[in-house]
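1. Got a sequence here, can you model it:
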Amino acid sequence: MENPSDRSLVLRTKRGELEAYGDLVRRYQGSVFNVCYRMLGDAHDAEDLTQETFIRVHSRLDSYDCDRPFIPWVRRIAVNLCLNFINQNRRYVLPLDDEFELAVSKESSPERAQEEHERNALLRQAICLLPAHYRAVIELRHFQELSYFEISKALNIPLSDVKSHLFRARKSLAQRLTTDV
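-> Now for the predicted structure:
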């Protein structure tokens, strides 16, 4: 059987089919968890906010425009929940486990793989030290591969702010990474 489209699953969910919503959750829970984890740096908080994201998505499904892509709308909810969580808790936790690990080539020699692992660890620490609004634009641009326009819509900020946040975030990352090397 063919995989139903997001639109079809959303319409079925709006009609009260909980199984269709379960399919949407299963389809995107990994992606939403990754967004939350990279924003927060803590797996338990990321799990909680992933769950909260899908609760919010379900409660606000009537406001979703089925003619627009579904996952950017969900990511926007996740990012906003993470930003609110960070602002309320005023804490920045560095991830200490390997769940955050960026891709390391399987064809690398053990020495090269270790170098890539260490570089990734420095990068993830540097990202976690960024202010939340910079972390959000880095997450959406470089990990979720959204366009500047999509980031602007997702965060509900002007396009010029997206560009300046990305510039400042990249500059800060470059400074942190060159001083740590």
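
2. Stretch 4-21: end-to-end distance?
-> Stretch 4-21 has an end-to-end distance of 12 Å (Cα to Cα, to the nearest Å).

3. Apart from its chain neighbours, what residue comes closest to the residue nearest the centre of the chain?
-> Nearest to the mean C-alpha position of the chain, by Cα atoms, centre = their mean, lies Val35 at 1.9 Å. Once flanking residues are discounted, Val35 sits nearest to Ala78: 4.9 Å by Cβ to Cβ, 6 or more residues apart in numbering. Yep, even glycine has a C-beta here, placed from its N, CA and C like the rest.

4. Make sure that neighbour is actually in contact with Cys36.
-> Yes - using Cβ atoms under 8 Å, Ala78 makes contact with Cys36 at a distance of 5.7 Å.

5. what residues are shared contacts of the two?
-> Listed as contacting both Ala78 and Cys36 by Cβ atoms under 8 Å, 6 or more residues apart in numbering are Leu49, Thr50, Thr53.

6. What confidence value was assigned to the last one?
-> Reading off the per-residue confidence, Thr53 sits at a pLDDT of 97.

7. same question, Arg91
-> On the pLDDT scale, Arg91 is placed at 53.

8. Could you list every helix and strand that the lowest-mean-pLDDT helix or strand in the chain packs against?
-> Here the helix or strand of the chain ranked lowest by mean pLDDT, DSSP states H and E is helix 110-129, holding a mean of 77. Packing partners of helix 110-129 (3 or more Cβ pairs under 8 Å, 6 or more residues apart in numbering; DSSP states H and E): helix 132-138, helix 159-180.

9. Leaving out sequence neighbours, find the closest residue to Asn34.
-> Phe143 (7.1 Å).

10. so that neighbour makes contact with Arg38?
-> Yes - contact criterion Cβ under 8 Å: Phe143 and Arg38 qualify, at 6.0 Å.
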